Each structure stands twice: as structure tokens, then as C-alpha cells.
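**Student:** Okay, predicted coordinates and the sequence, questions at the end:
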Amino acid sequence: MLDRAVITMWSRASRKEPIEVRFIQPAIATFLACTRIARGQLHVDFVNDTQEYAKLSGLDDALAANHAAMSKARRGQQGQTWSPLTTLFHHAEIEACNQTINDLIFAQLGGMPRAAIDAMARVVGELHDNIASHADGRGFSAAQFYPSRSDHPARLELSVADAGCGFLSNVRRAQPSITNHEDAIRWCLKKGNTAGRHTARTLPQDAIVQGDPYAESEGGSDQRDHHMGWGLHLLTELIRASGGELWIWTGDTSFTMNKDGTSAYALTPLPWPGVMLNITLFPASAQAMSWDLSSPRLQSLAEDLGL
């Protein structure tokens, strides 16, 4: 399972042991890139053809701390079947990554209502923005579409991770009574809650001229934290409504939401200093959903989406 693989790698990195990589999912790429920031030099052994993928995706540059090289043009169908490992250090990087991820979401999730797809894209934009607001830009994004095979259905995986200070540190600024990571995750998943630093970032003056996709709806060039307000609550509702999966890891706690909508919290052997978030969406499941807006659970979601 993904969570076990990532946590095992973190354990080996903490002991300064070699990490063997046999398959690179988006969460593996963002995790290793963040671990390079959190732990310094890593010894990573890429097995079989993973070395070539690491080079293609930009993971090798991240492990070498050559972040400037990660913005170079790369081969492949970016925005159609994948998004390379991308730094989220600066506004221009965030907006470029937003556009690629948005294109990918629209390309692969055509069975969802247009408003739901647009909302998913906006939430991803907020996740990227939160890296700058909460983690001082110490984070990465990556996505990959996997076609169906005999052993699994087609799926779209998106991972956003940072090596910042985690949910708890940020949440306690708004709610000092919260003292553990599980309660911090619960608070972040509740509708209306945000620990955003509303004075942390300002959209640059040229954003509208450059065609920022959210400038008009989110308040223009003087809007701060311009994706703030959609939040993790809406993300979980979108994923649940489309039959997807979600995994969040921060501090000593992980949160997992399964395809059937059930969820669980678990303690982890070692704490993760920042936040790891992995989304898995199944186009066939999303297309099969009736999106019956008369159901009580979706009525609130419909209001948020404007359906």
C-alpha cells in the first residue's frame, strides 16, 4: 500500500539508510523531493526503469537540489496524462502547475459535472497556494494518469506535499486548544475552517494581464491567498461524491478515505514534519455517479459548487 511504502522510506531516510525505489507514483516523487529538503542528501537506488522516469519527471533534479532545472521543458503529454514533479516555491511556478493540473483534470474526468470539475481544479489551486502560505514554499506537486489494466481500473493520482511545519502548528494559531495531529486534521476537514495566513501573499499586479484563471472570481490582484476558502472540506466531499480516495499524513497521524466513503485515522511510527496529501480519482467511478443533488449529503456540496 502507498502509505506503508512512503512511511517505510521515511524510516530508512531517518536512519540514513539507502532507499530502494521500484515504482514512482506521484506521492513517491513528492515525498522524496520533500525528504531531500528535510533530511539533506539521500541515497536512493532506482530499480529497473525507474531511473529513466526519475530523470524525465524531474525527480533526479530534486534529489540533487537542482530546483532551477525542474522548470525546463519535458517530453510527454503534459496536461493530458501527467504533470511532472513541480516546485511550488514561487507564484509563477504555482500558476503554471495549476494550469497543467487543470488541463489534466479536464482531460481525464469528463464524466463529472463541469462545475464539479472546475471546483476540483480550484481546490488543487488552493492546495498549491497553501504550500506558499503555510510551508514557506518548501513543497512539490505531481500527477499521473494510469490507464486501466487487468489488475486495476483507470485512475488519476495527484500528490501535493511539503516539508513545512504541518497542520497542527498552523491550526493552533486559530485554535490554541487543539493539541494533537488527529484533532488538527479533523479541524482542517471541517467546513469553513482555514488556518490561512491572510496577509502572507498577495497576487501580483500583472496576474490579470497574464490571464490568472481565478483573478476575476477570487477578487483580482489585491486578493490575498487567492484560493483560500474552498478548503479541504470541499475536497473530501468532491472525492467522496466521485468515488475516489484520499490520504493525508501530517505529524504522527494519517487520515485515509476509501472509495466507499469510509474513513479512518492511524498513528504513524515516525512523524512527518509537513503535510503529505494524495488524491486518487477513478474516471469510471466518477462517470457512473448519478450526482443526485436531492441527496442530503450532496445538497450542501451543490450549494458550494453552484449547481
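**Tutor:** Sure thing, it's come through.
**Student:** quick one, what contacts residue 243?
**Tutor:** Contacts for residue 243 (C-beta atoms under 8 Å, 6 or more residues apart in numbering) come out as 259, 282, 285-286, 288-289. Glycine gets a C-beta too; all of them are placed from N, C-alpha and C.
**Student:** So what's the residue count around residue 261?
**Tutor:** The tally of other residues near residue 261 (other C-beta atoms under 10 Å) stands at 13.
**Student:** Please disregard the earlier target; I meant residue 92.
**Tutor:** The local packing of residue 92 (other C-beta under 10 Å) involves 11 other residues.
**Student:** In three-state terms, how would it be classified?
**Tutor:** Here residue 92 is helix, with the state taken from DSSP: H, G, I helix; E, B strand; the rest coil.
**Student:** For it, give me its contacts.
**Tutor:** Contacts of residue 92 by C-beta under 8 Å, 6+ apart: none found.
**Student:** Going forward, count from 40.
**Tutor:** Taking 40 as the first residue, the last one we looked at is residue 131.
**Student:** quick one on the thing from earlier: which one of the contacts of residue 282 has the most neighbours?
**Tutor:** Counting by other C-beta under 10 Å, top hit in the contacts of residue 282: residue 325 with 25 neighbours.
**Student:** on that earlier part again, tell me which of the contacts of residue 282 is nearest to residue 160?
**Tutor:** Closest approach to residue 160 among these (C-beta to C-beta): residue 325, at 14.0 Å.
**Student:** Filter the contacts of residue 282 down to just the ones in helices.
**Tutor:** Using DSSP state H, the members of the contacts of residue 282 that fall within helices are 324-325, 327.
**Student:** Which of the contacts of residue 282 sits closest to residue 280?
**Tutor:** residue 328 (6.5 Å).
**Student:** How much space separates the closest one from residue 285?
**Tutor:** 16 Å (C-beta to C-beta, to the nearest Å).
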